[in-house]
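J.: got a predicted structure plus its sequence, pasted below:
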Amino acid sequence: MKFILPFSSAVLVFCIVVMLLSHTGKRTIRLNKRLESVKELGQKPKDELDAMNLPFNERFLKPMLTRLLGYIGSVLPMSRKSLKRLTDQLSQAGIRMSARNYAAMNVLIILGLTIICGYIGILLKKPPLIVALFALGGFYAGYALRRFSLTSIITKRKNALQSQMPEVLDLLSVSVSAGLGFDQALAYVVSKSEGPLIDELYVAQQEIALGRPRKDALKRFAERCNIEEIRLFVSAVVQADELGISMQNVLTAQAQMIRTAHKQRVEEAAMKIPIKLLIPLVLFIFPVIFIILLGPAIPTILQTLGGL
């Protein structure tokens with residue numbers, strides 16, 4: 001038993017490190033964009049390309065953890081449907097990790113919390129049934145943590161994508177009106193901006209540069225984002241490309257429409273604030289007011305009731 005706590009602690013530390021490294025996809029995208037900009041200037045980015053100058057986690061720790069997670073993930077029983085659903089969720093969350101590796105990381109985290117909670121019950125000298133309940137609580141806590149954390153990341157990222165859409169479309173419209181083609185305008189906007197939407201557009205721009213048809217690359221971009229406004233934007237661009245409609249007019253109209261929709265969402269959220277304030281008002285403020293107002297009268301009321 002004395003080896004269980006160190007082992008479970010090591011498992012948790014391992015999982016935390018993997019969680020931190022799971023978001024390095026965005027950093028890789030920004031690094032690639034920097035490398036492309038340096039190449040355009042005719043410079044050789046020797047320092048960034050030299051493997052010995054990479055951080056320790058990039059050179060050694062991340063590859064080792066990736067291989068370990070890959071091995072664990074390869075033996076996990078996962079159906080095609082669940083694998084595809086998890087892959088789509090990771091794509092929407094912006095997590096550059098395979099579905100099997102992510103599932104393996106979740107299993108290790110849940111296992112570590114289960115062992116730790118069970119060991120806490122043993123340290124407290126609880127009966128076996130209570131120890132089992134402790135372990136079960138750790139299992140459910142780990143499961144809820146991993147499930148709802150991914151949902152929360154997806155929600156926050158969707159909000160960031162929606163808020164960035166009008167600005168990006170304005171930049172695309174200005175670039176097209178300046179004489180650039182859509183692909184060149186897309187490459188220019190990607191090289192000059194940052195954010196989750198820019199990261200997804202960078203992936204689409206790289207796919208187009210590598211020979212994938214623009215229509216397919218944009219549709220894959222819309223599937224990764226899974227936002228209605230982006231689907232409408234992609235449909236409008238594809239339709240304009242097929243029918244020969246002015247791309248500048250389409251981008252301007254889409255930017256205005258998305259800006260209006262964003263304004264409506266903000267106004268709707270502002271209208272819900274007074275209703276949400278009722279909960280803390282009723283739970284915390286009203287009881288304090290009652291205590292302040294009725295506090296001085298409580299001794300008199302108690303004396304009166306005692307006299308009865």
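T.: It's in.

J.: lowest-confidence helix or strand of this structure?
T.: Here the helix or strand of the chain ranked lowest by mean pLDDT, DSSP states H and E is helix 46-49, holding a mean of 45.

J.: and the residue lying closest to residue 185 once chain neighbours are set aside, how many neighbours?
T.: Counting by C-beta to C-beta, 6 or more residues apart in numbering, residue 185 lies nearest to residue 175, which is 3.5 Å off, once chain neighbours are set aside. To be clear about C-beta, it is placed using only N, CA and C from the backbone, and glycine gets the same treatment. Neighbourhood size, residue 175 [other C-beta atoms under 10 Å]: 21.

J.: show me what contacts residue 175?
T.: Counting by C-beta atoms under 8 Å, 6 or more residues apart in numbering, residue 175 touches 184, 185, 188, 189.

J.: which phi and psi does the first one have?
T.: Right, residue 184. Dihedral pair for residue 184: phi -70, psi -40, per degrees, to the nearest 10.

J.: any idea how far it is from residue 175?
T.: 8 Å (C-beta to C-beta, to the nearest Å).

J.: over to residue 194?
T.: In terms of C-beta to C-beta, residue 194 sits 17 Å off from residue 175.

J.: cool, and residue 64?
T.: Taking C-beta to C-beta, one finds residue 64 at 43 Å from residue 175.

J.: in CSV, list the C-alpha atoms belonging to whichever helix or strand residue 286 is part of.
T.: According to DSSP states H and E, residue 286 maps onto helix 286-294. Below are the C-alpha coordinates for helix 286-294, written out as CSV (Å, rounded to 0.1, in the frame of the first residue of the first chain):
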residue,chain,number,x,y,z
PHE,A,286,-31.8,39.5,1.1
PRO,A,287,-30.8,37.2,4.0
VAL,A,288,-28.2,39.8,5.2
ILE,A,289,-30.8,42.6,5.0
PHE,A,290,-33.3,40.6,7.0
ILE,A,291,-30.7,39.8,9.6
ILE,A,292,-29.7,43.5,9.9
LEU,A,293,-33.4,44.6,10.1
LEU,A,294,-34.7,41.9,12.4
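
J.: and the helix or strand that comes right after that helix, how far out from the chain middle?
T.: Downstream of helix 286-294, the first helix or strand assigned by DSSP H and E is helix 298-307. Here the centre of helix 298-307 is set off from its chain's centre by 58 Å, with C-alpha atoms, centre = their mean, to the nearest Å.

J.: please apply the same query to stretch 292-299.
T.: Using C-alpha atoms, centre = their mean, the offset of stretch 292-299 from its chain centre is 50 Å.

J.: what of stretch 89-107?
T.: The answer for stretch 89-107 is 11 Å, by C-alpha atoms, centre = their mean.

J.: any idea which element the nearest residue to residue 192 once chain neighbours are set aside lies in?
T.: Nearest non-adjacent residue to residue 192, counting by C-beta to C-beta, 6+ apart: residue 171, 7.7 Å away. In this assignment (DSSP H and E), residue 171 forms part of helix 128-177.

J.: avg pLDDT for that helix?
T.: If you average the pLDDT over helix 128-177, you get 87.

J.: same question for stretch 73-87.
T.: Rounded mean pLDDT across stretch 73-87 is 82.

J.: next one: stretch 264-275
T.: pLDDT averaged over stretch 264-275 gives 81.

J.: who touches it?
T.: residue 162.

J.: could you do stretch 224-236 as well?
T.: Residues contacting stretch 224-236 (C-beta under 8 Å, 6+ apart): 88, 91-92, 158, 161-162, 165, 169, 197, 200, 203, 218-219, 221-222, 250, 253-254, 257-258, 261.

J.: just the buried ones from those?
T.: 91-92, 158, 161-162, 165, 169, 197, 200, 203, 218-219, 221-222, 250, 254, 257-258, 261 (16 or more other C-beta atoms under 10 Å).

J.: many thanks, I have nothing further to ask.
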